[in-house]
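Peer 1: Okay, predicted coordinates and the sequence, questions at the end:
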Amino acid sequence: MSALAPVLDRLDADLPQSLDRLFDLVRIKSISTDPAFAADCRKAAEWLVADLKTIGFNASVRDTPGHPMVVAHHDGPAGTPHVLFYGHYDVQPVDPLELWDADPFDPVLKEIEPGRKVITGRGSSDDKGQLMLFVEACRAWKKLHGSLPCRITLLFEGEEESGSPSLIPFLEANAEELKADFAMVCDTGMLDAKTPAITVALRGLVGEEVTIKAANRDLHSGEFGGAAANPIRILAKVLADIHDENGRVTIPGFYDGVEETPSQILKAWENLGETPESFLGPIGLSIPSGEKGRSVLELVWARPTAEFNGITGGYTGKGFKTVIAAEASAKVSFRLVHKQNPEKIRAAFRAFVEQRIPADCSAVFHPHGGSPAIQLSYDSPFLTSAQQALSDEWANPALTTAMGGSIPIVGDFQTILGMESLLVGFALSDDRIHSPNEKYDLTSFHKGQRSWARILHALTQKS
């Protein structure tokens, strides 16, 4: 503990300065999906490189066909592990802007209830706040000891929120440079505000956009209504057919490769005490909508889903317009588990849609990425060390959990770099990521820095 204690003290003392740095990064409008913000994405990458150089990292902006990557290296003592730390600096769009309480790119620290302060702004939680925790832990180590506790490579992506189109080619082209003993990924969260978690299972993802095309132009609904096909009605019927009355997905072959969760795992999740009311209550709901007869944790951690993420068609402006649209579109995402095959799911969905389209209409599809589910080892020595380090910092012992979301890079690290990953993050379920009024708890930001310092120390003790 002699090497760790002063680092923790330094992180406590430098908290105001670390907040200033995070605020500077959050102010950069690095929205990766909108080409209008391409310069801001590069600005964020350049800001990170400049900051990492002050710590002693050999850092650089690496161009890709899309937004740049940030890669940085720092040596460590001989015989210590080499770790690759991953995060992303890009953020989601802020729409609808009118639902924000303040400028999403003007972060502030505010108290939302007695004794609870939060950092506001787009990217404060996902993922700028998360990645800066590790950077601050490295900064404190370097400031106190003149070196880092182990060899560290950093990879910060600029396209995670827009499908990561450049990531796999970049990993393949730079595999030798990026390979390490294992990877650490920060884009996850805690079980609750007092209980840290290490994620060992992730659902996969398939994204699809479908457009139903009917007439060759928009039509007057009085003149053509009742005779002409209405693509909005066709689309609505197709989407409604995807689930049965028990919440199961009806697409043929959808459950191929889906296994039942082991009873001992279900029992462990049951012991966490999560109920429909406790899980859904904070978002104003109380009744699970998925497969009947399954707990909420099983639904979000271990069962596949089909969700509709956006529907457009016809007139959506203010007022009213009596029109039959020429086309209607929907964005559909599938969360996958176990051995479900993303491309088989995609093909099955397309066949399901096409079977329901009238002969004089058509369906056009556009893919939005796909990745299989991930299951990591429960007995990794790195996991054991990190679990104890987290338990030393937080009020409750660290738990190993699953995650309903998808982090495709974890699978890419496995297949391309041959590395397992350690998934540790400090986001909370009420952080409103991808939504208006995103925030990050000050406690997460402070104790998250301390947690990464503890993890780095614990990993070096195992070497």
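Peer 2: Structure's in. What do you need?

Peer 1: drop to CA atoms for contacts and neighbour counts, all remaining ones
Peer 2: Noted.

Peer 1: so what's L48 up against?
Peer 2: Contacts here follow CA atoms under 8 Å, 6 or more residues apart in numbering; on that basis L48 touches V70.

Peer 1: Please tell me how far the strand or helix carrying it is from the chain's geometric centre.
Peer 2: For L48, the host element (DSSP states H and E) is helix 38-55. Per CA atoms, centre = their mean, to the nearest Å, the displacement of helix 38-55 from the mean C-alpha position of its chain is 21 Å.

Peer 1: Next SSE downstream of that helix?
Peer 2: Going down the chain from helix 38-55, the next helix or strand is strand 58-62, by DSSP H and E.

Peer 1: For that next one, which strands pair with it and how are they oriented?
Peer 2: Within its sheet, and counting by DSSP bridges, strand 58-62 is paired with strand 69-74 (antiparallel).

Peer 1: The partner strand vs helix 38-55, what angle?
Peer 2: 0 degrees (axes from the mean of the first three to the mean of the last three CA atoms, to 10 degrees).

Peer 1: Any buried residues in the helix holding L48, and which?
Peer 2: Residues of helix 38-55 classed as buried: 38-49, 52, 55 (neighbour count, 16 or more other CA atoms under 10 Å).

Peer 1: ok, now stretch 143-154?
Peer 2: Buried residues in stretch 143-154, counted by 16+ other CA under 10 Å: S147, L148, P149, C150, R151, I152, T153, L154.

Peer 1: Look up how far S30 lies from the last one.
Peer 2: By that I understand L154. Distance, L154 to S30, using CA to CA, to the nearest Å: 19 Å.

Peer 1: can you check the first one too?
Peer 2: When CA to CA is applied, the distance between S147 and S30 equals 31 Å.

Peer 1: so can I have JSON lines of the buried residues of helix 38-55 showing pLDDT?
Peer 2: JSON lines is the format used below for these (pLDDT from 0 to 100):
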{"residue": "A38", "pLDDT": "98"}
{"residue": "A39", "pLDDT": "98"}
{"residue": "D40", "pLDDT": "98"}
{"residue": "C41", "pLDDT": "98"}
{"residue": "R42", "pLDDT": "98"}
{"residue": "K43", "pLDDT": "98"}
{"residue": "A44", "pLDDT": "98"}
{"residue": "A45", "pLDDT": "98"}
{"residue": "E46", "pLDDT": "98"}
{"residue": "W47", "pLDDT": "99"}
{"residue": "L48", "pLDDT": "98"}
{"residue": "V49", "pLDDT": "98"}
{"residue": "L52", "pLDDT": "98"}
{"residue": "I55", "pLDDT": "98"}
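
Peer 1: Spatially, and excluding backbone neighbours, which residue is closest to E277.
Peer 2: Nearest residue to E277, sequence neighbours excluded (CA to CA, 6 or more residues apart in numbering): S286, at 5.0 Å.

Peer 1: domain parsing for this protein?
Peer 2: The record's domain split for the chain, according to automatic domain parsing, is 4-202+374-462, 204-258+304-371.

Peer 1: so which of those domains comes closest to L280?
Peer 2: For the domains of the chain, the distance to L280 is smallest for domain 4-202+374-462, at 10.7 Å, taking CA to CA.

Peer 1: Can you tell me which of the domains of the chain is packed in deepest?
Peer 2: Most buried of those, by mean neighbour count (mean count of other CA atoms under 10 Å): domain 4-202+374-462, with a mean of 20.

Peer 1: Roughly how far does the residue of the chain most remote from its centre sit from A326?
Peer 2: Among the C-alpha atoms of the chain, the one most distant from their mean position (CA atoms, centre = their mean) is that of E223, at 47.2 Å. Distance, E223 to A326, using CA to CA: 14 Å.

Peer 1: same check, this time on D181
Peer 2: Note on D181: its distance to A326, by CA to CA, is 54 Å.

Peer 1: Show me the beta-bridge partners of I374.
Peer 2: Under DSSP bridges, the beta-bridge partners of I374 are L202.

Peer 1: Which pLDDT value goes with it?
Peer 2: Note for I374: predicted pLDDT of 86.

Peer 1: same deal with the one 4 residues further on?
Peer 2: What the model reports for Y378 is a pLDDT of 74.

Peer 1: part of a helix, is L299?
Peer 2: Yes: counting by DSSP: H, G, I helix; E, B strand; the rest coil, L299 is found in a helix.

Peer 1: Let me see the confidence value for the closest residue to D241 other than its chain neighbours.
Peer 2: Closest residue to D241 apart from its sequence neighbours, by CA to CA, 6+ apart: T250 at 7.3 Å. For T250, the pLDDT comes out at 98.

Peer 1: Equivalent analysis for the one 3 residues further on, please.
Peer 2: pLDDT, the model's per-residue confidence, is 98 for G253.

Peer 1: And what about it, helix, strand or coil?
Peer 2: Under three-state DSSP, G253 comes out as coil.

Peer 1: Look up which helix or strand the nearest residue to it once chain neighbours are set aside falls in, please.
Peer 2: With CA to CA, 6+ apart as the criterion, G253 has its nearest non-adjacent residue at 7.2 Å, and that residue is A348. Element membership of A348 [criterion: DSSP H and E] is helix 342-354.

Peer 1: Can you spell out which helices and strands pack onto that helix?
Peer 2: Applying 3 or more CA pairs under 8 Å, 6 or more residues apart in numbering; DSSP states H and E, one finds that helix 342-354 makes contact with strand 204-213, strand 362-371.

Peer 1: quick one, which of those is nearest to R10?
Peer 2: When the helices and strands packed on helix 342-354 are ranked by proximity to R10 (CA to CA), strand 204-213 comes first, at 39.2 Å.

Peer 1: Mind jotting down where the helices sit in the stretch 201-350 of the chain?
Peer 2: Counting by DSSP state H, counting those that start in this stretch, the stretch 201-350 of the chain has helices at residues 221-224, 231-241, 263-270, 276-280, 296-301, 342-354.

Peer 1: Give me the buried positions along the fourth one.
Peer 2: Taking 16+ other CA under 10 Å as the neighbour-count basis, helix 276-280 is seen to contain the buried residues F279.

Peer 1: Return the residues in contact with the nearest residue to A427 once chain neighbours are set aside.
Peer 2: Nearest non-adjacent residue to A427, counting by CA to CA, 6+ apart: G189, 4.1 Å away. Neighbour list for G189: P196, A197, V424, G425, F426, A427, L428, S429 [criterion: CA under 8 Å, 6+ apart].

Peer 1: Backbone dihedrals for G189, please?
Peer 2: The phi/psi pair for G189 (degrees, to the nearest 10) reads phi -140, psi -180.

Peer 1: which non-adjacent residue is nearest G158?
Peer 2: That would be D90: by CA to CA, 6+ apart, it lies 4.9 Å from G158.

Peer 1: Touching, that neighbour and R42? I think so.
Peer 2: No: using CA atoms under 8 Å, D90 makes no contact with R42, being 9.8 Å away.

Peer 1: hey, what's in contact with both of those two?
Peer 2: Shared contacts of D90 and R42, defined by CA under 8 Å, 6+ apart, comprise S30.

Peer 1: ok, P6 to N309 distance?
Peer 2: On the measure of CA to CA, P6 and N309 end up 47 Å apart.
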